[in-house]
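Student: return atomic coordinates for the entry below.
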Amino acid sequence: MIRNRIIAVFGAFLCGLSLSAQSVHWSVPPVYTAVEPLSNQWVRVNKGGAWGILDVTGKEVVPCAYGQITPFKEGYSLLLRGEKLFGVFSRDGAYRTIQDDLFVDPSFPYFSEGLLAVRDVSSSWTYMTPEGSFPIRMVFQYAGPFSNGLAAVREKGGEGSYLHIDKKGRVSILSSDYPDNFLVFASSFTDLNGQAGALVVDGHSQVSIRSLGGAKLMDFGKMKSFNKETMVLTTKEYEIALSEGRFIRNRKRLSDADVREYYTDPVRRFNPASTTSLTIKREGERLGVTQHEKVLLEPQFESLQVLSESRLLATKNGMMGVLAIEENEQAPGLQLSKNTLVVRHPADLVLSGQVVLPASIPFSDVHLKMQETSGVSQEFALDKASFSIPVVHLVKDQALDLKVVISANGLTYPPVRTTIPVEYSSAFSVEAPSSITLQPGNEKAAFSMHIKNRADVPASACDILVDGRFIMAVEGINAGEQINVPLSFQVSLEDLDSISRDIKVEIREKDIPASYKTRIQVTFNRNFN
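Tutor: Numbering: from 1, shown residues only. Model prediction:
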């Protein structure tokens with residue numbers, strides 16, 4: 001079903017929320033337990049305990065079927081269940097599934113210098129390209145990430161030696177400082193504040209840092225212990241800590257606690273925009289969005305994070321999604337069918353109009369909340385754009401001041417106030433005989449007054465007063481109906497032949513602050529018979 005939308009040609013009495021040419025909508029609906037940005041274009045989402053990938057418009061590109069989706073590294077993200085590799089997703093949106101049984105090291109699940117360390121079911125390690133080829137035919141007992149063109153590997157079989165290889169599988173040159181080529185341990189090459197170095201332990205348990213060419217840069221003496229859980233190696237004088245991927249995190253000299261720190265984080269996670277015109281508005285425990293000091297969304301979220309000038313990560317009712325800000329698009333609003341409320345009977349106390357939504361916001365879960373001058377507040381759920389809302393209460397001699405809030409598709413937009421003039425139009429006509437002949441005795445006149453509802457809508461219950469005195473109550477008067485109101489007056493003409501009298505008539509209708517008032521003139525004549 002195609003829903004017709006209303007082109008926003010706004011008149012003077014558009015009760016609109018489009019005070020600026022910007023609208024906000026869910027680009028990724030809040031149906032996820034977690035949403036995390038991978039880049040400006042992609043977000044990873046969790047639903048039912050599994051992760052998938054959406055673009056920022058909410059389109060699914062990778063189904064929620066994975067235990068882990070890693071951050072982008074060198075333009076690629078890995079799709080994992082435990083340590084098993086199921087797919088590779090590239091920054092340009094390409095998605096390749098892995099059919100073979102391949103596994104990654106959870107301490108460095110990422111591509112390094114174009115290659116990913118993987119193992120098969122026999123625990124043999126090698127390297128894979130993003131396209132799925134295996135350029136290094138050698139298999140290893142261990143394979144670390146590449147850094148500075150080299151990777152630390154361990155030869156297959158028993159207590160094999162550690163080596164550093166290049167991306168063609170060639171073993172790097174070992175310095176003549178080593179009595180043999182057997183290494184008990186070798187770390188990944190780390191930027192040691194300007195020079196690349198790797199921590200090695202030779203066959204005689206001597207610990208040192210060597211350069212890319214194999215030269216010894218620093219000697220730490222003989223190894224005392226190595227904790228595989230904490231990845232901390234100790235000698236008599238030093239303690240060296242390794243990070244994930246077996247990079248050198250820091251070294252500490254035990255005698256004077258001198259610590260040298262090294263940057264070892266290989267994955268640079270997506271960093272949202274630090275400068276933006278969007279600001280977060282807090283009201284109690286709830287958060288809203290403003291831009292250039294104009295409120296775009298009232299506080300209604302548990303958390304908000306600005307991703308870019310046009311995207312925000314939001315949590316509402318415990319679920320997460322992504323908000324999109326559309327420039328040059330009017331915000332949701334109302335267009336009233338009349339610019340003045342003309343009241344004849346309570347049946348006229350209705351505001352009619354249409355909800356105006358931009359193309360980016362679906363017509364779903366739409367509510368109007370209207371607060372009147374009296375403070376009375378009403379809320380209505382709408383299933384179509386057109387609406388008719390009853391006005392609960394009017395105040396005499398006052399225009400109708402309204403505060404209206406639109407909620408659509410799970411978002412509540414800023415309220416707006418508008419004033420609607422109220423006119424009370426007479427819908428009654430009152431007729432009575434213009435001349436009455438008195439009964440003998442010249443003291444009593446009896447006649448009927450006719451009250452007609454000239455409107456095309458019924459009148460509600462009315463009280464009829466004559467000269468300020470209650471005469472009768474009427475349950476209601478249908479459209480076009482006439483009722484007769486019997487009247488009786490005491491009149492004494494004395495020596496006069498006739499006398500004229502103005503009679504004040506007032507009709508007080510229920511729920512109408514302004515009553516209908518008129519005067520009728522009746523001439524009373526003496527009866528000479």
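
Student: what helix or strand is the nearest residue to residue 144 once chain neighbours are set aside on?
Tutor: Spatial nearest neighbour of residue 144, excluding adjacent residues (Cβ to Cβ, 6 or more residues apart in numbering): residue 152 at 4.2 Å. All C-beta atoms are positioned from the backbone trio N, CA, C, and that covers glycine. Taking DSSP states H and E as the criterion, residue 152 maps to strand 150-155.

Student: wait, what's in contact with the residue nearest to residue 379 when sequence neighbours are not counted?
Tutor: Nearest in space to residue 379, with sequence neighbours left out and distances taken as Cβ to Cβ, 6+ apart, is residue 369 at 4.6 Å. Applying Cβ atoms under 8 Å, 6 or more residues apart in numbering to residue 369 gives the contacts 377-380, 404-405, 407.

Student: what is residue 369 paired to in the beta sheet?
Tutor: residue 379, residue 405 (DSSP bridges).

Student: can you pull the pLDDT of the closest residue to residue 242 other than its chain neighbours?
Tutor: Closest residue in space to residue 242, ignoring its immediate chain neighbours: residue 231 at 4.1 Å, by Cβ to Cβ, 6+ apart. On pLDDT, residue 231 comes in at 95.

Student: which residues touch residue 231?
Tutor: Residue 231 sits in contact with 241-243, 246, where contact means Cβ under 8 Å, 6+ apart.

Student: point out where the stretch 51-200 of the chain drops to low pLDDT.
Tutor: In the predicted model, the stretch 51-200 of the chain carries pLDDT under 70 at residues 173-181.

Student: all strands of it, in order?
Tutor: Remark: strands assigned in the stretch 51-200 of the chain by DSSP state E, counting those that start in this stretch are 60-66, 68-69, 76-81, 84-90, 95-97, 116-119, 125-128, 140-147, 150-155, 162-165, 183-186, 190-191, 196-202.

Student: would you list those in TSV and tack on distance to residue 388 and mean neighbour count?
Tutor: Shown next, in TSV, are the strands of the stretch 51-200 of the chain (distance: least, Cβ to Cβ, whole Å; neighbours: other Cβ atoms under 10 Å):
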stretch	distance to residue 388	mean neighbour count
strand 60-66	40	16
strand 68-69	49	20
strand 76-81	52	21
strand 84-90	51	19
strand 95-97	50	12
strand 116-119	63	23
strand 125-128	65	22
strand 140-147	67	23
strand 150-155	73	24
strand 162-165	78	23
strand 183-186	79	21
strand 190-191	71	20
strand 196-202	75	23
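
Student: quick one: closest of these to residue 262.
Tutor: Taking Cβ to Cβ, strand 190-191 is the member of the strands of the stretch 51-200 of the chain nearest to residue 262, at 5.5 Å.

Student: what lines up beside that closest one in the sheet?
Tutor: strand 196-202 (antiparallel).

Student: ok, residues contacting the strand it pairs with?
Tutor: 147-148, 150, 152, 162, 164, 178-180, 182-190, 207-212, 217-218, 223, 226, 233, 240, 242, 248.

Student: just give me the neighbour total for residue 284.
Tutor: If you count neighbours by other Cβ atoms under 10 Å, residue 284 ends up with 6.

Student: domain ranges for the protein?
Tutor: Listed by automatic domain parsing, the domain ranges of the chain are 32-261, 278-327, 333-424, 428-525.

Student: between those, which one is nearest to residue 26?
Tutor: domain 278-327 (5.2 Å).

Student: got the CA coordinates for stretch 285-301 in PDB?
Tutor: Written as PDB, here are the backbone C-alpha positions of stretch 285-301 (Å, rounded to 0.1, in the frame of the first residue of the first chain):
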ATOM      1  CA  GLU A 285      18.300  10.800  33.100                       C
ATOM      2  CA  ARG A 286      17.200  11.400  29.500                       C
ATOM      3  CA  LEU A 287      19.200  12.700  26.600                       C
ATOM      4  CA  GLY A 288      18.100  14.700  23.500                       C
ATOM      5  CA  VAL A 289      19.800  16.300  20.400                       C
ATOM      6  CA  THR A 290      20.300  20.000  19.500                       C
ATOM      7  CA  GLN A 291      22.000  21.600  16.600                       C
ATOM      8  CA  HIS A 292      23.000  25.200  16.400                       C
ATOM      9  CA  GLU A 293      21.000  25.700  19.600                       C
ATOM     10  CA  LYS A 294      17.800  24.400  18.000                       C
ATOM     11  CA  VAL A 295      16.300  21.300  19.500                       C
ATOM     12  CA  LEU A 296      16.000  18.400  17.000                       C
ATOM     13  CA  LEU A 297      14.800  15.800  19.500                       C
ATOM     14  CA  GLU A 298      13.600  16.200  23.000                       C
ATOM     15  CA  PRO A 299      15.300  14.200  25.800                       C
ATOM     16  CA  GLN A 300      14.100  10.600  25.400                       C
ATOM     17  CA  PHE A 301      17.200   8.400  25.100                       C
END
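
Student: quick one: buried residues of that stretch?
Tutor: Residues of stretch 285-301 classed as buried: 287-291, 295-301 (neighbour count, 16 or more other Cβ atoms under 10 Å).

Student: redo those residues as CSV? Include secondary structure, distance to residue 359 and pLDDT.
Tutor: Putting the buried residues of stretch 285-301 into CSV (DSSP: H, G, I helix; E, B strand; the rest coil; distance: Cβ to Cβ, whole Å; pLDDT from 0 to 100) gives the following:
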residue, secondary structure, distance to residue 359, pLDDT
287, strand, 27, 96
288, strand, 24, 95
289, strand, 20, 93
290, strand, 24, 92
291, strand, 20, 89
295, strand, 22, 91
296, strand, 18, 92
297, strand, 19, 93
298, strand, 23, 92
299, strand, 26, 95
300, strand, 23, 97
301, strand, 24, 97
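
Student: of those residues, closest to residue 132?
Tutor: residue 301 (42.0 Å).

Student: cool, thanks, signing off.
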